[in-house]
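**Student:** Structure for the following, please:
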Amino acid sequence: MTTDQLRLFLVIVQHRSLSRAAAELDLGQATVSERLRALENELNVELFERQGRGVSLTPAGETFKPYAERALELIRQGNDSARAASEGRGGQVSVAVTVTSGAYLFAPALVAFQREHPNVEVRVRSAHSWDAPGLLLDGLAELALISGSVTQPQIESIATFHSPFALVAGKNHPRATQRFTLSDLAREQFLISYWGATSQNFLERVKESADGQTGLWLELSPVELVKGMLIAGSGVSLVPQIAVRRELASGDLITLALADSTLRLPLWEINLIRRAHRQPNPAADALTETLIKVLPTLTANRL
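**Tutor:** The predicted structure follows:
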């Protein structure tokens, strides 16, 4: 099995056509068919089936696809690392981030990193918190920034950061100036996003306080959609304070006060994670150092 065969397989998957794959790779149709047939013979399965003028993956092809992606990514990483070592370049690192942590935490940290390491290539992909560990295990990312913690033994947390939540609503919310009990909140239209176990536990307390008499609770993401609905006058939400600083400063959103002065909102837990027992990568280590240094300054309670 060769890298040319794997690359051809993935290009066919992308275009769903042998002829378009041949055009992209600047190969003859016969060469494409021959390489694909050799790959299928080696695997002893059919990877594609005819579908109209194109092709579609068979169940075997669907199963093989993530392994082909991982194999090429690992080969690419090996080639890059070898060249970086021999040429003295900066190398590269791949990172998975959630939409919110990417926009409000990783982006400014990345700018700081690029100032100090201009020759390091950083590849960033968006991923849900629950998908990021799989990307690490598949070798498609070396670092990930997620909400909440992980329990997989193959994944390790490098650093944990905490940032305040804000309980917010639109400026025209009818009870904007009143204090809320937990049961009051339960009866509101609540816009919910996944922010890890701490927020989930708080919301469970809110629900339990209402004895089943809850308002309409909607699960939404990303946070920009939640903010848009709040500003339009729909409901309340628990969101990371860092994500609504501008809207609170402009007055488009307002914070809601709790009636119980002893009750505290939870903290948003953000974890920087990686695969345990990974191969060394100086670029990933350098980025890790920058994140550990910069993120605490971003997650501080600053409105």
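
**Student:** use CA for all of it now, contacts and neighbours both
**Tutor:** OK.

**Student:** ok, which stretches of this structure are strands?
**Tutor:** Per DSSP state E, the chain carries strands over the ranges 48-51, 54-57, 92-97, 121-126, 143-147, 155-170, 179-180, 190-192, 217-219, 236-240, 253-255, 257-258, 267-275.

**Student:** Deepest in the core, which of those strands is it.
**Tutor:** strand 143-147 (a mean of 27; mean count of other Cα atoms under 10 Å).

**Student:** Return the list of strands paired to that strand, each annotated with direction.
**Tutor:** The partner list of strand 143-147 in its sheet, established with DSSP bridges, is strand 92-97 (parallel), strand 267-275 (antiparallel).

**Student:** Measure how it sits relative to strand 121-126, angle-wise.
**Tutor:** Direction vectors for strand 143-147 and strand 121-126, defined by axes from the mean of the first three to the mean of the last three Cα atoms, to 10 degrees, enclose an angle of 30 degrees.

**Student:** for strand 143-147, the distance to its chain's centre please.
**Tutor:** What separates the centre of strand 143-147 from the centre of its chain is 7 Å, taken as Cα atoms, centre = their mean, to the nearest Å.

**Student:** for this protein, what are the low-confidence residue spans?
**Tutor:** Under the criterion of pLDDT under 70, the regions of the chain flagged as low confidence span 81-90, 212, 301-303.

**Student:** the helices in it, which residues?
**Tutor:** Secondary structure of the chain (DSSP state H): helices located at 3-15, 18-25, 29-43, 59-87, 99-101, 107-116, 132-137, 182-186, 197-209, 223-231, 245-250, 282-299.

**Student:** Columns mean neighbour count and distance to Arg275 on top of the ones you listed, output as JSON lines?
**Tutor:** Conversion of the helices of the chain to JSON lines gives the following (neighbours: other Cα atoms under 10 Å; distance: least, Cα to Cα, whole Å):
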{"stretch": "helix 3-15", "mean neighbour count": "18", "distance to Arg275": "25"}
{"stretch": "helix 18-25", "mean neighbour count": "17", "distance to Arg275": "33"}
{"stretch": "helix 29-43", "mean neighbour count": "15", "distance to Arg275": "29"}
{"stretch": "helix 59-87", "mean neighbour count": "15", "distance to Arg275": "14"}
{"stretch": "helix 99-101", "mean neighbour count": "20", "distance to Arg275": "19"}
{"stretch": "helix 107-116", "mean neighbour count": "15", "distance to Arg275": "21"}
{"stretch": "helix 132-137", "mean neighbour count": "22", "distance to Arg275": "6"}
{"stretch": "helix 182-186", "mean neighbour count": "20", "distance to Arg275": "39"}
{"stretch": "helix 197-209", "mean neighbour count": "16", "distance to Arg275": "21"}
{"stretch": "helix 223-231", "mean neighbour count": "19", "distance to Arg275": "27"}
{"stretch": "helix 245-250", "mean neighbour count": "14", "distance to Arg275": "33"}
{"stretch": "helix 282-299", "mean neighbour count": "17", "distance to Arg275": "12"}
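
**Student:** nearest to Trp217, of the ones you listed?
**Tutor:** helix 182-186 (8.7 Å; Cα to Cα).

**Student:** Would you mind writing the CA trace of the closest one as CSV?
**Tutor:** Once non-C-alpha atoms are left out, helix 182-186 reads as follows in CSV (Å, rounded to 0.1, in the frame of the first residue of the first chain):
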residue,chain,number,x,y,z
LEU,A,182,-33.7,29.3,40.8
SER,A,183,-37.3,28.4,40.3
ASP,A,184,-37.8,31.8,38.6
LEU,A,185,-35.0,30.8,36.2
ALA,A,186,-36.5,27.4,35.6
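
**Student:** what packs against it?
**Tutor:** helix 197-209 (3 or more Cα pairs under 8 Å, 6 or more residues apart in numbering; DSSP states H and E).

**Student:** Let me see the contact set for the residue lying closest to Leu18 once chain neighbours are set aside.
**Tutor:** Nearest-residue entry for Leu18: Ile12, 5.9 Å, with adjacent residues in sequence omitted and distances by Cα to Cα, 6 or more residues apart in numbering. Applying Cα atoms under 8 Å, 6 or more residues apart in numbering, one finds that Ile12 lies in contact with Leu18, Arg20, Ala21.

**Student:** Output those as JSON lines; include the columns distance to Gly134.
**Tutor:** Converted to JSON lines, the contacts of Ile12 look like this (distance: Cα to Cα, whole Å):
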{"residue": "Leu18", "distance to Gly134": "30"}
{"residue": "Arg20", "distance to Gly134": "31"}
{"residue": "Ala21", "distance to Gly134": "28"}
